[in-house]
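J.: Here's my sequence, what's the structure:
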Amino acid sequence: QVQLVESGGGLVQPGGSLRLSCAASGFSLGNYAIGWFRQAPGKDREGVSCINNSGGSTTYADSVKGRFTISRDNAKNTVFLQMNSLKPGDTAVYYCARSDYFSCAGTTTYGMKYWGKGALVTVSS
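T.: So this is what the prediction gives:
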């Protein structure tokens, strides 16, 4: 059974950092691309970042480029999203998702078949 579980969310002040983790089980992580998405209250879901199966290729939304870093440890079945210089506009529920493919289709939901339940990130003073 494919499962993705996000952790690491919480409340942080503007300018602060958080690292989200996406723990995968029920499949071989090294065979699939993983994406991070977010949905703020009252807004549509937005693609944040994606990493291909090997970790050799990454892509980011313009809104987070230079501030967020995606990485993966296939041996530990975990994908990470390091978020620095956080802004109130980054407040959202963050989801990780598994693609059916090795590679990413940018930060779109194309191919993303399995989703975690999300982790809330609140950026506020």
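J.: What values do phi and psi take at Phe80?
T.: With angles defined as degrees, to the nearest 10, Phe80 sits at phi -120, psi 150.
J.: thinking it is in contact with Phe68, fair?
T.: No - Phe80 lies out of contact with Phe68 (CB atoms under 8 Å); the separation is 10.3 Å. C-beta: built from backbone N, CA, C; applies to glycine.
J.: Distance of the residue lying closest to Asn84 once chain neighbours are set aside relative to Ile70?
T.: Distances taken as CB to CB, 6 or more residues apart in numbering place Ser17 nearest to Asn84, at 4.7 Å, with adjacent residues excluded. When distance is defined by CB to CB, to the nearest Å, Ser17 is 14 Å away from Ile70.
J.: for Tyr60, same thing?
T.: Counting by CB to CB, the gap from Tyr60 to Ile70 is 7 Å.
J.: And for Leu29?
T.: Note on Leu29: its distance to Ile70, by CB to CB, is 14 Å.
J.: who touches both of the two?
T.: Common neighbours of Leu29 and Ile70 (criterion: CB atoms under 8 Å, 6 or more residues apart in numbering): Val79.
J.: Spell out for me which residue occupies the centre of this protein.
T.: Central residue of the chain (CA atoms, centre = their mean): Trp36, 2.4 Å from the mean position.
J.: Contacts only, for it.
T.: By CB under 8 Å, 6+ apart, the contact set of Trp36 is 20, 22, 47-50, 70, 79, 81, 94-97.
J.: got a winner among the residues you listed for most neighbours?
T.: Cys96 (30 neighbours; other CB atoms under 10 Å).
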